[in-house]
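> Generate a structure from the sequence data that follows.
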Amino acid sequence: MPAHTPDVTPTEAVAPTEAVTPLLRGIAVLRRLTEADGGTLSLSALEKSTGLARSTVDRLTATLARMGYVRLDGRDVTLAPRLMELGNAYLAALRLPALLSARADALADELDESVSLAVGDRDGIRFIHQATRRRAMSLSFRIGDLLPAERTAPGPLFATEWTDADWHHWRERRAADPADHTFPAVPPREHPTPDEDFALRTSTAARDDYALDDQLIEPGLVALSVPVRHPGTGRVACVVSVVSHTSRHTAPDLRTTLLPRLRAAVAAMENDLRTAPPPAPGPPRAGLATWTGASKQELGRDFVESLARGLTVLTAFGEGRSALTLTQVAKATGLSRATARRALITFTHAGLVTPAPEATFTLTPRVLSLGFPPLSHTSLPEIAQPHLTALADRVHESTSLAVLADSGTEIQYTARASTARVLSARVTVGTRLPAHATALGRVLLALPEVRARGYALVDEELEAGLRAIAVPVRDRTGSVVAALNVAMHAARRTTEACETELLPELTRTASDIESDLRVAGHFVHVPPT
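Numbers count the residues shown, from 1 in each chain. The predicted structure is shown next:
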């Protein structure tokens, strides 16, 4: 008989007695999915990688699916865009992306090089914004990716403020993981360097107030970094990096040619921090505790209420709510003080929350480890595809997503879901059609009649026998970024039936896509194709 796998994780073994065990297990599941290729693992792979019993994995993933944080497809589990609301809470509370990302984007345009913003995460760095140039040789780093400090340009700048305990932790990690296998965003280290090398780079960064990465991550990659400092305290708030490759710039060339412009951009960023008005707290989400209670009543044992309630604590934070007391967390979530307190203890143990002055708590960059990196590269078709599939299953007709092509006179299909009919609308992704003759195109062209009705219906204009109805898909600013349709043979539904039977389903699906898009596009550009 095989040995029984204990239903605990290594993290739980040393957790405080008041920590919420299901919450720790849920965090472990989300982190394993974050590290997985494509954010997808089978249930059996999750069982193996977390050391949890299969029944526990089933209940945790069912709960996360109920929250919209993962999708269940047969025996596979995939991260879902709504999970990004946890990372969004951290980034909104931090405020730096909202205040500085436009400056970073402008610098990238000016220099025609990739520019990133990073914050320190213990002995590593995490990216909070990326302005990447589109080239054949381009960067694959994502928002939320964790890199070892010693292999980056920002690392020495953050290390100038490390305590003796920080340096001790760094040395312990280096000894335990000399090849950097615990940092999946970077290739394994081939040639370890002495600890003294990083200590020397740190002292040099303290003197010069900038730092270089000369192919430390991999051959050909170079970077130049300058710190952005908090007004008043002078401590490093974040670090701005210009990243290139040696076919365009050597590391010394980066310093010689780009450092003055980088310093000028940083000075402007620091001025933005000084002059930014205090944030106005937005309204916290309401009814979360009630929702979790109703979900528990409906799903019974398959819904782990302590996991769902615990994760809602992270969403209590946001812009204007960067530091919250226990009472404020309980009020924002509708949870009891005892429940909120145990969740905060659990998150503190997991490194997602840290105690702050005046009996408050703040989120840490480690919140981004819960799904944000792989989801930050999600495109609109990827967001829409599961919703299209569900719509096609409900109405038993083909569904499509399209955008307006660059020409402005054609639509381009970007996602499709078909049904098993002998006669159905069959158009492949990438196909282009005249916009004026399609329901999708008329929505995207925003014709006056379509704007007034909110949908377009085209009856046998593109092709005899083809009838289609379409609605717009809008981004978080309200702009139409795509159109969604159902297409069928005219013999199957009258135009009246399209409006009474299909239009409500289309509107519901468009709303679901828009909800995911609002979350995914809060701090990340979501490509339309």
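
> and the chain, what are its domains?
10-87+282-375, 96-275, 380-520 (automatic domain parsing).

> Columns mean pLDDT and mean neighbour count on top of these, output as TSV?
For glycine as for every other residue, the C-beta is placed from the backbone atoms N, C-alpha and C. Shown next, in TSV, are the domains of the chain (pLDDT from 0 to 100; neighbours: other C-beta atoms under 10 Å):
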stretch	mean pLDDT	mean neighbour count
domain 10-87+282-375	92	19
domain 96-275	93	18
domain 380-520	90	18
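
> Format those as CSV; extra columns: distance to Pro527.
Supplementary listing: the domains of the chain in CSV, determined by distance: least, C-beta to C-beta, whole Å:
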stretch, distance to Pro527
domain 10-87+282-375, 13
domain 96-275, 11
domain 380-520, 7
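
> List of residues touching the helix or strand that contains Pro227?
For Pro227, the host element (DSSP states H and E) is strand 221-229. Contacts of strand 221-229 with the rest of the structure, by C-beta atoms under 8 Å, 6 or more residues apart in numbering, involve 96, 100, 117-118, 152-154, 157, 209-215, 235-246, 249-251, 254-255, 258-259, 262-263, 266, 269-270, 273.

> which residues in the stretch 401-529 of the chain form strands?
In the stretch 401-529 of the chain, the strands defined using DSSP state E, counting those that start in this stretch lie at 410-417, 432-434, 456-459, 466-474, 480-489.

> Export these as CSV, with columns for distance to Ser44.
Formatted as CSV, these follow (distance: least, C-beta to C-beta, whole Å):
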stretch, distance to Ser44
strand 410-417, 27
strand 432-434, 42
strand 456-459, 46
strand 466-474, 36
strand 480-489, 35
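
> To Ile345, which of these lies closest?
Nearest to Ile345 among the strands of the stretch 401-529 of the chain is strand 466-474 (40.5 Å), distances taken as C-beta to C-beta.

> sorry, back to before: mind checking which of the strands of the stretch 401-529 of the chain is nearest Thr78?
strand 410-417 (15.9 Å).

> mind checking how far Val304 is from Thr348?
As defined by C-beta to C-beta, to the nearest Å, Val304 lies at a distance of 20 Å from Thr348.

> Actually, Arg453.
53 Å.

> got a list of what Thr325 touches?
Glu358, Ala359, Thr360, Phe361 are the contacts of Thr325 under C-beta under 8 Å, 6+ apart.

> out of these, which are inside strands?
Thr360, Phe361 (DSSP state E).

> just the contacts of Thr325 now: which is nearest Leu91?
Phe361 (16.9 Å).

> now the closest one: how far from Thr339?
15 Å.

> where does Pro148 fall, phi/psi-wise?
Taking degrees, to the nearest 10, you get phi -70, psi 130 for the backbone angles of Pro148.

> From the chain's centroid, how far away is stretch 80-98?
Taking C-alpha atoms, centre = their mean, to the nearest Å, one finds the center of stretch 80-98 at 8 Å from the center of the full chain.

> ah, wrong one, I meant stretch 325-342
That offset, for stretch 325-342, works out to 26 Å (C-alpha atoms, centre = their mean).

> just the CA coordinates of it, formatted as PDB?
Output of stretch 325-342 as PDB, limited to C-alpha atoms (Å, rounded to 0.1, in the frame of the first residue of the first chain):
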ATOM      1  CA  THR A 325      -7.200  48.500  11.300                       C
ATOM      2  CA  LEU A 326      -8.900  45.300  12.300                       C
ATOM      3  CA  THR A 327     -12.100  47.100  12.800                       C
ATOM      4  CA  GLN A 328     -11.900  48.700   9.400                       C
ATOM      5  CA  VAL A 329     -11.300  45.400   7.700                       C
ATOM      6  CA  ALA A 330     -14.200  43.800   9.500                       C
ATOM      7  CA  LYS A 331     -16.500  46.700   8.500                       C
ATOM      8  CA  ALA A 332     -15.400  46.700   4.900                       C
ATOM      9  CA  THR A 333     -16.000  43.000   4.500                       C
ATOM     10  CA  GLY A 334     -19.000  42.500   6.700                       C
ATOM     11  CA  LEU A 335     -17.100  39.800   8.600                       C
ATOM     12  CA  SER A 336     -16.900  39.500  12.400                       C
ATOM     13  CA  ARG A 337     -13.800  40.900  14.100                       C
ATOM     14  CA  ALA A 338     -12.800  37.400  15.100                       C
ATOM     15  CA  THR A 339     -13.000  36.100  11.500                       C
ATOM     16  CA  ALA A 340     -11.200  39.100  10.100                       C
ATOM     17  CA  ARG A 341      -8.500  38.800  12.800                       C
ATOM     18  CA  ARG A 342      -7.800  35.100  12.100                       C
END
